[in-house]
Each structure stands twice: as structure tokens, then as C-alpha cells.
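> next comes the sequence, and after it the predicted model I'd like to discuss.
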Amino acid sequence: MSSGFRVDPKDAVPIWRQIELGVKRLVASGALAPGVAVPSMRDLAQELGVNPMTVAKAYQRLADAGVVETRRGEGTFVAARSAARGRSERNRDLKQQADRFASAAATLGVAEPEAVGEVRAAFSRLGRGTGGKE
Amino acid sequence: MKAALAIAAAEIRQSKLVFWGALAFGAFPLFLHFVRTGVALGPAAPGQEMPYPFLIAITAVGYSLAIAVLMGGTVVARDIGERRLGFWLSRPVPLLAYWGGKLGAAFFLAVIGGLLTIVPAHLLWALRWSDTLAGLSRTMQPWLVAIALAVGGAAAAGGAFRSRSGVLLLDIVLLPLTLAATFLAFGSSVAAGADDIVAGLIRPTLLVVAALVLLAASAAQVSVGRFDFRRGHLALSAVAWGGLLIFFAGTIFVVSRYVAAATVTDLRLSSAFFLPAPAGDRVLVEGRTVHRGNLFGLDKQSAGFLLDEAGNASSIGGNPLGLKRSAWSSDGTHVAWVHLGMIGSSSLPQPLRSVPGLGPSLHVHHLARGARPRMLRLSAPAAVLAVSPSGRRILLATAASKRVVDAETGEPVATLDAPASWTRAAFVSEDLVRALSKQLYEPTSVVEWNLAAGKLDLRWPAASATPLTLVPSGDWQQVLRFDASGLFLHDLDGRIVATLVDGWGGRANRAAGPLSGGRYGCIEEEAPGRLRLRVFGSDGRTLTEVLFEGRFPVRVGGEPRPGVLALAPTSLDERPRATQFVDIADGTLARPRPDSIPALRRWEPLRELEAVNPEPGSLATRLFLDRDGRLSSIDPAGGQRVIVTPRARNER
Amino acid sequence: MSSLAVDPVLEVEHVSVRYGGARVVEDVSLSVERGSVFALLGRNGVGKSSLIRCILGQQRPSAGDVRLFGRSSWNSRRAAMARVGVVPEEPDAPPEMNARELVALLGDLYARWDGADVLARIERAGVSARVPFGKLSKGQKGAVMLALALGHRPELLVLDDPTLGLDAVARKALYDEIIGDLADRGTTVLLCSHDLDGIERLADRVAIVKERRMLLNEPLEELKARFRRLRVTGTGASGVDWTPFEISASDTREWGVETLVANFSDERFETFRARAAAVDVEVVSLSLEEIFVALVGRKEVSS
């Protein structure tokens, strides 16, 4: 199974983090539906050409975050939404990301309407409209 | 062990060409033989000459040695040279297992390859396996040693070259040094008389040792050096040269020193060779020794000594056969002896021939107190026929020529145009000016030589029969001739001056020779057990005639006192076992000396006498050996003085 | 990594290597933990191969100790090699033997050996098992050497420049095998290579040797985190106060100043930013290759 994302080893962001974010993005965009199996650590490592421990670390963090779950003898699967962490955590994460984005925009000297427009464009690239649950 | 076998098996599997090559190589010379001679294939007809065993042996040995060198020099050395040792170093395999497997494979391939070359001959010529197996079992041990030596040597040499380190320069220096040390050691063994031991007994062992040293050196390179090739080469060179120097050259040297440490009491006197001085109290003696219980199991070592009547001895080295080609000056002040060196040394290249002891040499000794013998190198083995009393001139005979040489320099003074048979029959005047010899080829005659000019002086008129003995008198005025027709005195022109005995009257056993005071003597066997001695004056008159008990041949021991002749049996096993002393003037017999015989091998019964008669009273006339092998000097009046008591009871 | 290393698989302590009079490696120390991928970098001729030979007990260092699995690698070479797989820089298998014969031979040299697995690997690499080793291409030889090195399931895999001279396809195939083995068995890896991209993907820890000595030895993540290139433009750029940064290199251009910072962190950046408020600062992260070249290449000292 192809992973659907790439990693750039040269990037400053550690590879495990790139994998973690990549999987999260796929799950968020719906490309990886709940219950779908994610590639095994071995397969993903070979496909990306990276140290399997890196993949293992990413998967561990994803499991801790509740994004995936490992069933012994069967593999690793995308977790069901309802088993995800509580709404308050999700909101807190979201708020954190929003703060980061806003301060980045301010640093760049971008006004709010333009910045919000960029957010909308990002969502459309993800292939989903605003709002809507699973 | 399992690893070594696996590595060996892999190497053998990769070298199957060796086996096919063996079959081809084994068939090829036979094929050539067939083509050349047209001899049909198949069993040999009775009486047909079979060159095959030799040919087959050469083929087998040659092929196996070639494979031994080829494989031994590459199986490990190539991994070193191409830096592939890491492949084996990164496996859990002992390096000695790798080394053993590789070289074991080389050894195996050489042996089996050699054996396989024999197969075509068997198939084509229907030879008998029993013969071949018998031949193989005889030669198997030296053949295997040769293969081991070839494998070890090639592995060591290959490893040295392929390591590509500067230590090779050290090898280049040490190789000639080791060879030189070996030759010097061997030369000293020849000089000490130990070369028979070295060649016959130790050589097989030494070759095995050399093979082991070289194999160990190759093993050291691999296991001590690992991937550090310089270190490995150092280990290789240290083991190889150290081992060869110590175990090869060193062993030869130590054996020589050990043998050379023999003393005169170690000699087997009863079978020794004596060369006493014709005047004075010295004698050269040479023979086998019972040195230290014959460490090597055979009495192969010989030793020579210069002995005086008091028993003082100095060593002249081991000199087998050399004393028989040596001579004293007539006054006993100088002696020249020949050391023959190693047999076949004349075929060695010049630098090797001059290694002390290896080549033939001439030793000239002046008996002045403290003087050491002077050594001259000879180009070929020679015999000393005569030494002048001054010690300055020596008459030397080689197979090629006879020449008078200067004793200081060895340079020839005059070369004689003389026949080869001359050496046994030459009589030389003591000033080395004249010589007298029998010419044994047609026409047989007696000839006189002018030594200073190197030319034939005079040929006697043809004799009626071949002279058995010719002896010039001491003053070279007369010559005693003794042959089947009688006993005669000639002058130096060959004319008969007097007839001492005219015909032997059918008595076959007789001997004759000069005596002191210008007299001549002759002994005949009158009847079995009865001998007659007749003494003649220089004018031919019979002076004395005496009959006594004795058996022929009888040994004449010269005159231990002027005018007293010693007559002895030739061996102590004969009866009567007594030496008799005969007064020449009146024929009276002194009390016999029981159980002793003259220790004078050169004094054969009076049929053949050498040129220089011993002076009456000299040690030469009074030297005796008894049944216990003791050497003593006697006085006919009754005294005996033991000179040498042998350490162990000498057995013949 | 959550596990705590109990025993290091390899310990190199103050090792120096000398050839004749020349020192090739000077006072190098490192330690490789079980399950990690350790990369050793350096320019050519810096003595990495000699160091690897000392590590493997094939050569004696002129100073220092090497311990594999707690025991001296020189003295316990044989015991260690049962647990170590080696892929050398130059493929050194006997050239006249084919892969099948090599697998059979090595099977007799190891206590445990999975010959079928090795042959499967070789087949996967597209190499015929019947062609003599000497006749294979460089990439095929490398694949065979790696397969042979893994046949006894070693705990430590030592690779000396395994991708040298390989094209992209062969390189990917090689890394695939290594990654597969890492995933299946958690093998410890010591990787000596010039392929910085490959190292960046695989290594946990990186050591750089410069001019015979160890320049640095740290986790790759930390290394990449602390090196940044800062570009300062605008007036006052040349007079900027760089504290608290540690500047590895500095370069003045017409548009401003570019520096290489060796101890970057967000906090330090905030401090710097506060001091240098008047200028524009661009922060660029560096790939491993860029870090390596900056540290080990010829340093240009700007006026």
C-alpha cells in the first residue's frame, strides 16, 4: 500500500515528525479512513527509505495521540474518531495551531482577511469544505 | 578443524583442472615415446627394455612438484596480494584453519596430481600395480618431504612478494647470508669429517625441518600479521630466516663442532690408517671414531690427528681417504696432506668451491714448535707423492697432471708429461730432482724422469718381465728390481749390476726390499709355516740366511733398531701372533713380542714398498697395535710405552 | 528511543592508528549502542578503513582499545565475528566461486547459517547464483556481500562505504535490504559512508572525523537542530552582536552577512532577535550534507 506522502530527510523537521504529521494530515483529510490499515513499519520504512525505528517512533506517538491503534497479530489501523481524545484537547491543539499561524502572518506583515483567505485555500487543497464531521 | 576441511574442500573443488592436467601430462610423454620409437602399447615382451618406470617416476615427481610450487605459492599469497584476507578475517574462523585448509589443499593436489600421472601408463602399458605400489612405498617418504618443502617454500616466497612491504629488502639480504652460513657450516662439517653424518643421516631430517620452518613462517605471516601486511611479513621473515639459520645451518655447524671435538682416544685404532714419519717420532693417524657413543647410530665420523711418541695429539680435521694421498719428507720434518673435501666439489661453481672445507685443499706443516699448517686450495683432488726435506717443494699428482709445486704459493714449478698409472709406482729422490717409475702400458718398461725439467730422462732397456717392485737405494745409486724371474740390482742407466736371486724355483710367496747399511733383504716361503730370510750386500753377496717359523704374508716393520728387522703377521688372528725381531747380521732371533703387530698399514708384505724407507729406530718402525686396540711404541730389547689407550674397546 | 542501552555493542576508546611514521587516526573514541544505526563520516583518506579494521580485530591499533560485545576485538576476533556481519568497501570474496558455492562454504564456517535466506536475498537482487563472483558488476557484488554478511543473523552489521560506485537503483536495493533487516531483527549498524543522503535517512547517531580526529559525535537530530545558517541584511548587518550564538563560519557579502551557527535554539534566537532588532534575519536550516561540507570542507575565513 502506498503511503500517499513523502518525507524530506534534508528538512530540519525530524523524519519521525514528518511521518507523524503526514499520517495525521491523511487521517484529517479522510484519505485514511478509520479502521483502514496503515502500512506496516517495515513496509513504510522501505518505501520511504528510512530507519524503521523512525517509523516506529512516529507510530508510537500516533498511537499515544489516539490517531492509530495497534492490534496484536493484525497490524496498525486508523483509530475510530470516537475513540480519539476529547473535544477539549482537540480544541486546545487547534487553538495552538491558530496562534502559531496568526503570529507567523503578523511577522510577515499579512493582514487578517488575506490570512484567512489562505486558510480557506488550504482547506480546499485538502479536498474538503469547512465544517462537516466525518 | 571443520572449517579447515571446508576451506580445503572448496579450494580443491576449484582446482579440478589439476586432475585433468595430471592425466594429460601422464599420457603425453608415453605418447611421445611411442611416436619416437614406435614401440607398441601393451605389456612389455620378455626381455624388452622398459624405460617406463623411470619416465613415469620423473613425470609423477615433476608434475607434483610443479603443482606444489604453483598452488603453494598462490593459495594464500594471492589472498594477501589482492588484499582479500578480510573476507576470512571477518568470519569466525581461526586464521590457522584458513591457512591449514589452503595449504593442505595445495599439498593434497600435488600428491594426488602426481599419483594420477601414473594412471595413463598403467592403462596404456598394462603395468603391474604390485610393482608400482612397491616402488611407491619406497619413494613415498622423500617424495612427500619434497612436496612439503616445495609447498612451504613457495608459500613463504609468495607471501613475501605479495605482501608488497619493504621487508622484502631484508629478505634479499638474508637469503645469501643464510646460504653462505649453510655452506660455511657444511664446509666446516667436511673439514671435521662429519659430512657423512650430515649428508647421510641428518640431511633427510634437516630437509623435513626446513619444510616445517617454511610452513611455520607462512602460518606466522597470516596469523600474526592479519591485515597488517608489514607486520605479517616481519613475522614471516623472522621465522623463516631464524629457523633456517638456527635449525639448518646451526645444526650442521653444531654437529661439526661436536664431531670435531673427538680426541685421539676416540679413534678406532685397530681399523685406523697410519702414516708415520720416515724419521723422527711423529705419526699421522686417521680413522673412524667412537665419539661419544656414536650419537648418530653409525660410526660415520672420522677424525685425523698428528701424534708424537709421548701421546701429544693435535687435530688435522676429519680426513677420510686423505692420508692415503699424503707424504712426509724423508727427514720427517715436513708433512703435506691432502683434504679431499666434499665428493663432487669440482662440479661446484667457483665461489662455493672456495668455502673452507668444501673443496680439496693441501696442508703443509713444518714441525717446528708452534708452527701451524699452511693451507693451499686445490682446483682438483690430488695426491702428494713427495715432499722435499726443506719443505719447499711438493710433488703433486692429480688425475690430469703431475707437477712439482712451490709449497709456499702452490704455484707449479715444473709440470711432468707422465702417464696416469704413474702415481702408484713412482719413486722420487729426496731432493725432488729425479723420479723413477714403472710404465705399465706398451711397451712396459722403467723410466727415469728429470723433475726439474719435467722431462723423461732415460728409458731402461726392455725388461724380460713386468717388474713387480722397483726400489732405489737411499743414495739413488742403485735400484733393486724384483720380479718373477728373480731379484736384481741395477744402476741408474738400467744395466744389471748384480743378480741377487736367480729364479725363485717355484716358490710363489716372496717379498724383497732394501735394508739399512746399503743391504737388501728378501723373504720367501720355503714351506708352509717356514720362512727364509736372506740378506745381501750392495755388491750382491749373500750376507745372512736364516729360517724361522712364520706364515706368508708377513709384514716387515722396518728396523726398530739399526740392524734388527721386525717381522710380524698381518693380523692378530693369525698364528703365531707374535712379532719377531731378527738380527740382520747373524740371523739371531730376539724374544718375540706376543699379541702385537706393527701399526703400519702402509707396510705391506715385501712385494710393494713405497719410496721412502723408514729410518731405523724411527717411530715408524716401532709402532704397534695390540689386541685391545692400544697404540704403543716398542723397543726390541723389551720396553713398551703406551701412546694411546682407546676410550672404548675397539671392535673391528 | 525509549529503551536504555544496557551494554554497548562496540566501544572504541582513544584509538590511534599509525602506518610507519604517519598517523592515520588520532585519539578516536566512540560507542555504539545496541539497536542503533551509527554513521561515521569523514573525507577520503582520513583513516576510516583503518579504524574499521581495528574495530574488527583485523589490525592492532597503535594505541587504545576496541571492545566488541565487551571483549577485546583483537583477542576475541573469532568469537566476535560469529556475531558481526561485515560488508567491506572492496568486495573480497574469492572471485572464482559463484554465489551458490560461497553460501555453501560459509555455511560450514558458521554455527548458525540460513543459506536459503541468503540465496533468496541474492535472487531478489537479480543476481544469478551460478555466475562466478569475479564476473559480477559492482552493484551485484555488493548485494552478494550484504547477503553473505546477513546469513548468520549478526547482531552488528558493519558497512564500509557499501554504496560506493552504485547507481541509484542498486543503492535503493541495498538500503531496502538493510532496512528490512533492521525492521525484522533490530540489528545494530555501524555505517561508514559518503552517501550523506542515505545517512540522513538511516542514522540515529553521527560521528565526523576530521584530520584524523573526532570532530563531533552526537545524535543526528540534535546535530541538525543546532546548526542554522543565518542571513542578516540591512544596515548594521556587519556590526551585529552574535552572542549568544557560537559562530562556526562567517561570510560577508554585498547584501549582508551570512553565518553558520553551531548552537541554535529557539531561546537563543529570541535573545539574539531582541538585540538585533534593527536588521532582517533569515534562518535557514541545513541538510546533513551542508553541515558536513561546512565543517569539514575548506574553511573560508571572511575579512
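Looks like it came in fine.
> next, count neighbours for residue 78.
In the absence of a named chain, this looks at chain A. 20 (other CB atoms under 10 Å in any protein chain shown). No exception for glycine: its C-beta is placed from N, CA and C like everyone else's.
> wait, I meant chain C there
Count around C:R78 with other CB under 10 Å applied: 16.
> so the nearest residue to it once chain neighbours are set aside, which of the three states?
Of all residues not flanking C:R78 in the chain, B:P92 sits nearest, at 4.7 Å (CB to CB, 6 or more residues apart in numbering or on different chains). Classification of B:P92 using DSSP: H, G, I helix; E, B strand; the rest coil returns coil.
> so who does B:P92 touch?
By CB atoms under 8 Å, 6 or more residues apart in numbering or on different chains, the contact set of B:P92 is C:78-82, C:109-111.
> same question, A:A80
Counted by CB under 8 Å, 6+ apart, A:A80 has contacts A:34-35.
> next secondary structure element downstream of the helix or strand encompassing C:S250?
With elements taken from DSSP states H and E, the one containing C:S250 is strand C:247-252. Using DSSP H and E, the helix or strand that follows strand C:247-252 in sequence is strand C:256-261.
> contacts for that following strand?
C:226-234, C:237-238, C:240, C:242, C:245-252, C:279, C:286, C:294.
> tell me if I'm right that B:V222 and B:F229 touch.
No - B:V222 is not in contact with B:F229 according to CB atoms under 8 Å; the separation is 10.4 Å.
> need the overlap of contacts for the two.
What both B:V222 and B:F229 touch, as defined by CB under 8 Å, 6+ apart, is the set B:I80.
> for residue 41, phi and psi?
The chain I'm using is chain A. With angles defined as degrees, to the nearest 10, A:M41 sits at phi -60, psi -40.
> the intended chain is chain C.
phi -120, psi 150.
> tell me the spacing between it and chain B.
Distance of C:L41 to chain B, computed by CB to the nearest CB, to the nearest Å: 22 Å.
> what is the neighbour count of that residue?
Neighbours of C:L41 under the rule other CB under 10 Å: 26.
> just to check, it is in contact with C:I199?
Yes - applying CB under 8 Å, one finds C:L41 in contact with C:I199, separated by 6.9 Å.
> which of the contacts of strand C:256-261 fall in helices?
Residues of these located in helices (DSSP state H): C:226, C:294.
> the contacts of strand C:256-261, buried ones only, as a PyMOL selection?
Typed into PyMOL, the next command selects the buried ones out of the contacts of strand C:256-261 (criterion: 16 or more other CB atoms under 10 Å in any protein chain shown):
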select buried, chain C and resi 226+227+228+229+230+231+232+237+240+242+245+248+249+250+279+286+294
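> of the contacts of strand C:256-261, which ones also sit close to chain A?
Among these, the ones lying near chain A by CB under 8 Å from any CB of the partner chain are C:L286.
> buried stuff in the longest helix seen in chain A?
Counting residues, the longest helix in chain A under DSSP H turns out to be helix A:87-108. By neighbour count with 16+ other CB under 10 Å, helix A:87-108 contains the buried residues A:A105.
> next one: stretch B:517-533
By neighbour count on 16+ other CB under 10 Å, the buried set for stretch B:517-533 is B:517, B:519-525, B:531-533.
> and it, how far out from the chain's middle?
Chain-centre distance of stretch B:517-533: 38 Å, with CA atoms, centre = their mean, to the nearest Å.
> before we move on, back to that, who touches both of C:L41 and C:I199?
Taking CB under 8 Å, 6+ apart as the contact rule, C:L41 and C:I199 both touch C:193, C:206.
> and C:V284, which of the three is it?
strand.
> identify the residues contacting it.
C:228-231.
> quick check: it vs C:T271, distance?
19 Å (CB to CB, to the nearest Å).
> so which residue of the stretch 1-150 of chain C comes closest to chain A?
Taking CB to the nearest CB, chain A has its nearest neighbour within the stretch 1-150 of chain C at C:V37, 5.7 Å off.
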